[in-house]
Structure formats: C-alpha cells, structure tokens
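Undergrad: predicted model follows, preceded by the sequence.
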Amino acid sequence: MTQTSETIVQRFIEEAFNGHDLDILDEIVGEGFVNHDPPFPGLPAGREGLKQAFAGFWSAFPDIQATTVHLIADEDKVASVVALHGTHQGELMGLPPTGSAMSIRVVEIFRVADGQIAERWGVVDKAALMSQLGAVPSAAEA
Amino acid sequence: MTDRLGERGVEDVSEENKALVRRYLEAIDNNDADDWKVLDEFLALDFVSHGGLPPGFTPDREGVKQAAEVFRQATPGRHVVVDQIAEADRVVTRIRGYGRHIGDHLGVPASGNDVEVEGWRSTGFGTGGSSSTGRSSTRRRFFSRRAFFRR
C-alpha cells in the first residue's frame, strides 16, 4: 500500500506518539532522519534521538495526547499544527513533576522521501510550557 | 473547491496565499509610523489570532496592530521567510526575525542587544472582509492565524 505524505505524518502523530509505539518509527522514519530542532538538549542524532524525545515527553507527561489541528501537504513537505495536552507527572529537563496541566501548540514541518520522514523542523513553545508549569513567570506576571 | 476558486487552480491560490503572507511581513517591516492601517489590506475584519500574540492583546485585528506597534518601538527590525508550505486555503510559514532591543518590551527595559527569533505562522484565508458587515471584496485576507516564536 502506498502511503501519502500526509498519512505518514498522521501515523507519526497518532500511532507512534499518541499510541506510545516506538517500533512504528522504524517503519515511517528514515534511518538517516535529521531533526533540525530537537525538543530537548543532548539527544543523539537521527531516529534514535527522536525515540528518546518521544520517551522524554511520555515520561514527563504520561497522559500526553496530540490533537491534530491542521495538516497540510505541499510537494514533499507536510506541515502540522498540533495541540499537546498533558499532566506534568515526571521530571522534565531537570524540573521535578508539578502536577500542572500543560496545553501548548506545536507547528512542525516534515520532509517525506521514499515513504519515510527524512527531516523535521519545528519549535516547541518552551516559554509557554515552562510558564504553565510555573517554572518561569508568565509574561503577564513579569 | 472549484466553485469557490473559480477558474484558478488550487496551486495558483496556494502560491497567491504564500505571496500574501510575504507581503504582509514586508508591510510590517516597512511601516515606520504608529498608524497600522496598512494591515487592513491583509487582515480580515473578523480576523482571529489563535496564539502568537503576547498576553494582554486582544486576539483580533486591533490586537495585532497594537502588538506590531510594541514590537516596532521595542525591537525594530525585519522578518525573513525561510520556508513556506501551502495547501488550499492555509499557509505555514517559517520565519526568522531580526531586531535590536531599543525600547521597553512588555516590561523588559531596553538592552540594546541584537535579537534573533525563529517561529512559525499558520495562516488561514478567506475572501473579502467580515460577512457580518456585508462588506464585499474579492481581495483575499487572513481570517485566522496561529503562531509562536522561540527567542
């Protein structure tokens, strides 16, 4: 079955991330995958770094879910706008669990080649994330 | 889709929308006055910002204008479009912003530092202005936007 680029990114979000299934990444993410904007410092390059990033989110937010707001495709690239929701129940980049609810939006671009994700660009809104977890004052309070 | 787009194809409209986002950013960069009427050409009357504006600004066209004025005074500079992806009535734009922090920015006093930010905007489009006003126009405008930036 030939999968469209959008289908591959949908599986990335739904089956791999929401479904906590790292094995699917071996199928839909290329071995030479390049993550131009890794969400955490110190991650190894390639697909392994992506797996560790997923595991980092699941560990910090065991109930985390990504809801796709928009998914658009243009030639070999797919852009996604995703809402992330979860409860901070594990350590996150040195921050002990706060029990706080987190709700942020993430915009990502994926390049798909030969049926696999080859590159990713994206920005996790760490300022909003840390503000919601009380790690930094919100701009309104600053 | 064909009815709404008329004789133009989806790809034509996508390219038009990409260009409209680029012109919008140029209009912001080129504005050197506190009057932001220039954005009326790009933002629909019922434009909704679903994120990306600093706290305290209303998520509408007026809020965008007020935020643009804060940035113009605090961190004047320019935007560079790094990448754009479009499909039908939606464009995602990857942007780098360059400026110098010469004025109070949301409570942070001027530092004189050069600042560089990278972010994304996801922009939806509609035709004409707000239907609630009965305004009629064939000009395409943003009707909603999502954005955030990393500093």
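TA: Everything's here; your move. Numbering: from 1, shown residues only, chains lettered A, B, ... in the order given.
Undergrad: look up phi and psi at the residue nearest to the spatial centre of chain A.
TA: Among the residues of chain A, the one closest to the centroid is residue A:54, at 6.7 Å (Cα atoms, centre = their mean). Here is the backbone geometry of residue A:54 (degrees, to the nearest 10): phi -60, psi -50.
Undergrad: so it sits against residue A:19, correct?
TA: No - at 10.6 Å, residue A:54 does not count as touching residue A:19 under the criterion of Cβ atoms under 8 Å. No exception for glycine: its C-beta is placed from N, CA and C like everyone else's.
Undergrad: from what I see, residue B:69 and residue B:34 are in contact.
TA: Yes - using Cβ under 8 Å, residue B:69 is in contact with residue B:34, at 5.5 Å.
Undergrad: which one's more surrounded, these two?
TA: residue B:69 (15 against 10; other Cβ atoms under 10 Å in any protein chain shown).
Undergrad: remind me which residues of chain B are low pLDDT?
TA: Counting by pLDDT under 70, chain B shows low-confidence ranges at B:1-8, B:10, B:126-151.
Undergrad: a strand runs through residue A:24, doesn't it?
TA: No - counting by DSSP: H, G, I helix; E, B strand; the rest coil, residue A:24 is not part of a strand but helix.
Undergrad: report the contact partners of it.
TA: Going by Cβ atoms under 8 Å, 6 or more residues apart in numbering or on different chains, residue A:24 touches A:11-12, A:15-16.
Undergrad: in PDB, could you pull the C-alpha coordinates for the helix or strand harbouring residue B:86?
TA: Taking DSSP states H and E as the definition, residue B:86 sits inside strand B:77-87. The C-alpha coordinates for strand B:77-87 follow below in PDB (Å, rounded to 0.1, in the frame of the first residue of the first chain):
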ATOM      1  CA  GLY B  77      13.900  45.000  12.600                       C
ATOM      2  CA  ARG B  78      12.900  42.700   9.800                       C
ATOM      3  CA  HIS B  79      11.500  39.300   9.000                       C
ATOM      4  CA  VAL B  80      13.000  36.700   6.700                       C
ATOM      5  CA  VAL B  81      10.800  33.900   5.300                       C
ATOM      6  CA  VAL B  82      12.800  30.700   5.500                       C
ATOM      7  CA  ASP B  83      10.200  28.200   4.200                       C
ATOM      8  CA  GLN B  84       6.500  28.100   3.200                       C
ATOM      9  CA  ILE B  85       4.100  25.200   2.800                       C
ATOM     10  CA  ALA B  86       0.600  25.800   1.400                       C
ATOM     11  CA  GLU B  87      -2.400  23.700   0.600                       C
END
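Undergrad: now do the buried residues in stretch A:4-21.
TA: A:5-17 (16 or more other Cβ atoms under 10 Å in any protein chain shown).
Undergrad: ok, residue A:88 touching residue A:104?
TA: No - using Cβ under 8 Å, residue A:88 is not in contact with residue A:104, being 11.8 Å away.
Undergrad: so how many other residues sit close to residue B:40?
TA: For residue B:40, using other Cβ under 10 Å, the count is 14.
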